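In: Have a look at this prediction, sequence included:
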Amino acid sequence: MDYRDKTVLITGASGGIGAAFATGLAARGANVILVARNEAKLKELATDLHDSHGIRAEYLAADLSEPCASDDVVEELDRRGLAVDILVNNAGFGMHADFAESDPARIRDAVALNVGVLTDLCAVYMSRMTQLGAGAIINVASVAAFQPVPHLAVYAATKAYVLSLSEALWWEGKQNGVKVLAVCPGATDTGFFEAAGANADSVGPRRSTSQVVNTALRALDAGKPSVVDGLYNLVAVAVSQLVPRRLAPAVAELAVRPSAQG
């Protein structure tokens with residue numbers, strides 16, 4: 001795909017995989033719209049991308065877990081006259097805790113962000129892309145999408161939704177010139193597992209955020225519905241599909257057991 005002069009909307013863009021998508025796409029000549037909560041980080045990244053690559057870099061500070069946040073984002077971008085050619089749904093978070101001990105409000109926020117906002121933005125922009133007969137959507141899922149994961153139950157369930165939705169939309173989009181991809185990273189240098197309180201040493205070799213982005217863009221160019229980032233993760237996912245369903249949670253738990261500090 002030729003990304004030059006395309007406009008890409010990226011959620012969760014202030015750091016981690018989202019910032020890496022912004023950097024990688026800007027280097028390919030795309031203009032970017034960065035959305036996240038931290039306005040200072042967004043402004044700094046937008047300035048760096050503009051100065052380094054000469055592209056247009058817009059940003060919008062928003063807490064996407066708030067009610068109607070996705071509607072507000074769409075309305076603001078429309079007000080600015082910004083048409084979206086490519087959507088990257090990266091915003092999301094996980095909680096490492098027993099489900100029974102989790103804060104119901106945090107669970108609602110996770111589902112609202114990981115599922116609700118992603119679905120809302122897909123619905124709006126896939127409709128517009130379909131009318132134009134062109135466009136692309138990249139949804140960031142996870143290797144957690146392939147099996148139930150104790151202590152990360154809600155996160156894994158939301159990512160299973162993202163994977164299933166994306167692959168269905170990939171098929172629908174094929175008929176109308178719209179590409180849809182779910183990228184499934186494993187352990188990545190984003191601090192996710194540390195922030196969630198999981199044992200970072202048990203999740204396998206880390207991949208860089210730029211590796212995840214390169215994997216995603218290659219898969220998008222190839223027209224794939226989904227892709228697992230990294231050989232280790234690909235093998236782990238393949239093995240997980242051979243495990244009987246009743247044993248899958250026990251196997252998955254080995255990779256996300258609480259850290260010694262937790």
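Out: Good, I have the coordinates.
In: For the rest of this, base every contact and every neighbour count on C-alpha atoms.
Out: OK.
In: does Ser240 really touch Pro249, like I thought?
Out: No: checked against C-alpha atoms under 8 Å, the pair Ser240 and Pro249 is beyond contact range at 10.0 Å.
In: ok, the closest residue to Glu167 other than its chain neighbours - contacts?
Out: Closest residue in space to Glu167, ignoring its immediate chain neighbours: Pro225 at 5.2 Å, by C-alpha to C-alpha, 6 or more residues apart in numbering. If a contact means C-alpha atoms under 8 Å, 6 or more residues apart in numbering, then Pro225 has 166-167, 170-171, 180-182 as its contacts.
In: With Ala22 instead?
Out: Ala22 touches 10, 13, 32, 34, counting by C-alpha under 8 Å, 6+ apart.
In: Including pLDDT, distance to Leu121 and neighbour count, could the residues you listed go into JSON lines?
Out: Formatted as JSON lines, the contacts of Ala22 follow (pLDDT from 0 to 100; distance: C-alpha to C-alpha, whole Å; neighbours: other C-alpha atoms under 10 Å):
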{"residue": "Ile10", "pLDDT": "99", "distance to Leu121": "11", "neighbour count": "24"}
{"residue": "Ala13", "pLDDT": "98", "distance to Leu121": "15", "neighbour count": "31"}
{"residue": "Val32", "pLDDT": "99", "distance to Leu121": "16", "neighbour count": "29"}
{"residue": "Leu34", "pLDDT": "99", "distance to Leu121": "14", "neighbour count": "26"}
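In: coming back round to it: JSON lines please, covering the contacts of Pro225 and showing secondary structure.
Out: Shown next, in JSON lines, are the contacts of Pro225 (DSSP: H, G, I helix; E, B strand; the rest coil):
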{"residue": "Ser166", "secondary structure": "helix"}
{"residue": "Glu167", "secondary structure": "helix"}
{"residue": "Trp170", "secondary structure": "helix"}
{"residue": "Trp171", "secondary structure": "helix"}
{"residue": "Val180", "secondary structure": "strand"}
{"residue": "Leu181", "secondary structure": "strand"}
{"residue": "Ala182", "secondary structure": "strand"}
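In: Write a PyMOL command that selects only the buried members of these.
Out: Restricted to buried positions by 16 or more other C-alpha atoms under 10 Å, the PyMOL selection for the contacts of Pro225 reads:
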select buried, resi 166+167+170+180+181+182
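In: Could you list the low-pLDDT ranges of the protein?
Out: Residues of the chain that meet the criterion pLDDT under 70 lie in 191-203, 258-262.
In: 50 - rerun?
Out: Regions of the chain meeting the criterion pLDDT under 50 cover residues 260-262.
In: all strands of it, in order?
Out: 7-11, 31-36, 57-61, 86-89, 135-140, 178-184, 226-228 (DSSP state E).
In: Sheet partners, orientation included, of the shortest one?
Out: In its sheet, strand 226-228 lies beside strand 178-184 (parallel), with partners assigned from DSSP bridges.
In: The strand it pairs with: how far from the chain's middle?
Out: Strand 178-184 sits 10 Å away from the centroid of its parent chain (C-alpha atoms, centre = their mean, to the nearest Å).
In: can I have it written out in PDB, keeping just the CAs?
Out: Extracted as PDB, the C-alpha positions of strand 178-184 are listed here (Å, rounded to 0.1, in the frame of the first residue of the first chain):
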ATOM      1  CA  VAL A 178     -11.600  -2.000   2.300                       C
ATOM      2  CA  LYS A 179      -8.800  -3.900   4.100                       C
ATOM      3  CA  VAL A 180      -9.200  -5.000   7.700                       C
ATOM      4  CA  LEU A 181      -6.500  -6.600   9.800                       C
ATOM      5  CA  ALA A 182      -6.200  -7.800  13.400                       C
ATOM      6  CA  VAL A 183      -2.600  -7.800  14.600                       C
ATOM      7  CA  CYS A 184      -1.900 -10.000  17.600                       C
END
